[in-house]
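Trainee: Okay, predicted coordinates and the sequence, questions at the end:
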Amino acid sequence: MTLHKVDKLTGTLAVLASFFIIAPMFALLVKVPWGSFLHDLAQTQSKQAITLALWTSILAACICVLLGVPLAWVLARGNERVTNILRPIVLAPIVLPPTVAGIALLALFGRDGLLGKYLYQATGWSVPFTSIAVVITGVFVGMPFLALIVESNFRHIPKDLEDAAVTDRASRREVFSLVALPQIRNGIATGAVLAWARALGEFGATMMFAGSLPGRTQTWAMEVYMQMDLDMGTAYTLSAVMLVIAVAVVFALRKPLTQAFSS
């Protein structure tokens with residue numbers, strides 16, 4: 001029997017929890033100088049930061065789909081001994097401190113990094129503090145979210161469909177591309193949007209790995225940080241738009257996310 005009522009203590013705690021989440025967002029919207037809202041967004045530095053953040057996050061999301069969907073398939077259908085070790089490592093960036101994520105990317109792609117030093121020796125070009133570094137950071141922080149969602153969707157595919165395809169002599173690649181992928185189109189879209197949103201809002205790792213060069217690596221989130229010392233009104237305006245995007249993304253994906261994590 002489903003209970004539709006909760007006791008007073010539980011309800012009170014739920015209200016308190018909601019307050020801690022909703023009140024700061026409400027306060028942010030109240031502090032926005034709505035009279036200069038469009039003017040603040042139209043400033044050259046704000047437009048550059050927003051444009052950079054949008055194209056780098058979209059590119060990062062595309063790369064996440066290209067690489068993350070096969071990864072999710074391996075996690076869902078691969079050898080359990082391997083995937084039980086691989087899965088926690090793949091999902092680690094979700095809880096990894098942003099500064100540590102940035103240091104890790106520098107350790108790999110920096111001039112003295114494990115891969116970066118060879119790239120620099122061969123071409124004289126280094127990845128850090130470039131727009132490419134912003135994209136790579138977006139992939140690093142966004143990929144785990146896509147892999148998590150898509151793997152869950154793969155696991156919900158009825159095994160009968162795959163068994164029937166194998167019986168019809170379909171190869172493993174055909175089972176993946178012709179049977180599994182069409183079944184989880186919505187899941188891939190959900191994961192891609194989450195990866196995009198995560199890349200769009202990344203700050204700490206991007207600051208460590210790509211820096212904050214106006215027009216080059218200074219993203220939307222970094223512009224908010226910079227405007228806190230220059231013009232709090234602009235900082236509130238830029239933050240409010242990001243808040244609206246975040247709420248809209250979660251609201252639009254509420255059903256797919258519930259289905260993805262349902263048993």
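Mentor: Okay, I see it.
Trainee: Let me know the distance separating residue 248 from residue 27.
Mentor: 19 Å (CB to CB, to the nearest Å). Where C-beta positions appear, they are placed from N, C-alpha and C, glycine not excepted.
Trainee: cool, and residue 164?
Mentor: Taken as CB to CB, the span from residue 164 to residue 27 is 55 Å.
Trainee: neighbour count winner among the two?
Mentor: residue 164 (13 against 10; other CB atoms under 10 Å).
Trainee: could you measure the more buried one against residue 155, distance?
Mentor: Where residue 155 is concerned, residue 164 sits at a distance of 18 Å (CB to CB).
Trainee: what does residue 63 give?
Mentor: Residue 63 sits at a distance of 24 Å from residue 155 (criterion: CB to CB).
Trainee: same question, residue 137
Mentor: Residue 137 is 29 Å from residue 155, by CB to CB.
Trainee: More neighbours: which of the two?
Mentor: residue 137 (28 against 14).
Trainee: so that one touches residue 211, yeah?
Mentor: No: the criterion here is CB atoms under 8 Å, and residue 137 misses it with residue 211 at 11.0 Å.
Trainee: okay but residue 67 is in contact with residue 144, surely?
Mentor: No: between residue 67 and residue 144 there is no contact under CB under 8 Å: 11.9 Å.
Trainee: if you count what's nearby, which of the two comes out ahead?
Mentor: With neighbours defined as other CB under 10 Å, residue 67 and residue 144 compare such that residue 144 has more, 25 against 14.
Trainee: For whichever strand or helix holds that one, buried residues please.
Mentor: Element membership of residue 144 [criterion: DSSP states H and E] is helix 131-155. Residues of helix 131-155 classed as buried by neighbour count (16 or more other CB atoms under 10 Å): 131-154.
Trainee: Neighbours of residue 87, how many?
Mentor: 20.
Trainee: Hmm, residue 75 and it touching each other?
Mentor: Yes: in this structure residue 87 lies within contact range of residue 75 using CB under 8 Å: 5.5 Å.
Trainee: who touches both of those two?
Mentor: Listed as contacting both residue 87 and residue 75 by CB atoms under 8 Å, 6 or more residues apart in numbering are residue 151.
Trainee: right, and the helix or strand after whichever helix or strand residue 15 is part of?
Mentor: Using DSSP H and E, residue 15 sits in helix 8-31. Counting by DSSP H and E, the next helix or strand C-terminal to helix 8-31 is helix 37-42.
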